[in-house]
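Undergrad: Below is the sequence, then the predicted model.
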Amino acid sequence: MRAVGLKVLKNRLSEYVRIVAAGEVVLVTDRDRVVAELGPPSPGRAETPGDAFLADAVRRGWLSPRLTTGESTVPPSMPVTSWDELEQEIERDREDR
């Protein structure tokens, strides 16, 4: 475990981030008083910020987790029109110009 003052941490942040990424805990001090603790992410922590944000949103109740598991339950999309009909409509639109 290491301790570092705010000013030194600010000036050498990338160095301390590498130390933390290697698994060491760094205590951040301000006027010889510990104000924060930097440590590696816990084993259950999401790997990307987006995943972490979604997990936090579920914890706070902003989102509800999916109720089903396994394969996607979204029905396959069906074409709205046939290719031939679409082609004819495009040609009609071109003729109008």
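TA: Looks like it arrived, so ask away. Numbers count the residues shown, from 1 in each chain.
Undergrad: What is the neighbour count of residue 80?
TA: 7 (other CB atoms under 10 Å). In this view, the C-beta of every residue, glycine as well, is placed from N, C-alpha and C.
Undergrad: Nearest the geometric middle of this protein, what residue?
TA: In the chain, the C-alpha nearest the mean C-alpha coordinate belongs to residue 50, at 1.0 Å (CA atoms, centre = their mean).
Undergrad: Mind telling me what element that residue is part of?
TA: Here residue 50, judged by DSSP states H and E, is contained in helix 49-60.
Undergrad: quick one: average pLDDT of that helix?
TA: For helix 49-60, the mean per-residue pLDDT is 88.
Undergrad: And it, how far out from the chain middle?
TA: 8 Å (CA atoms, centre = their mean, to the nearest Å).
Undergrad: Now do the residue nearest to the centre of the chain against residue 42, distance only.
TA: 18 Å (CB to CB, to the nearest Å).
Undergrad: Just give me how far stretch 32-47 sits from the chain centre.
TA: Remark: stretch 32-47 is offset 18 Å from the chain centroid, using CA atoms, centre = their mean.
Undergrad: The residue nearest to the centre of the chain and residue 56: what is the separation?
TA: Counting by CB to CB, the gap from residue 50 to residue 56 is 11 Å.
Undergrad: List the contacts of the helix holding residue 50.
TA: 45, 46, 63, 64, 65 (CB atoms under 8 Å, 6 or more residues apart in numbering).
Undergrad: Going by distance to residue 87, which of the residues you listed wins?
TA: Among the contacts of helix 49-60, residue 63 lies closest to residue 87 (CB to CB), at 42.0 Å.
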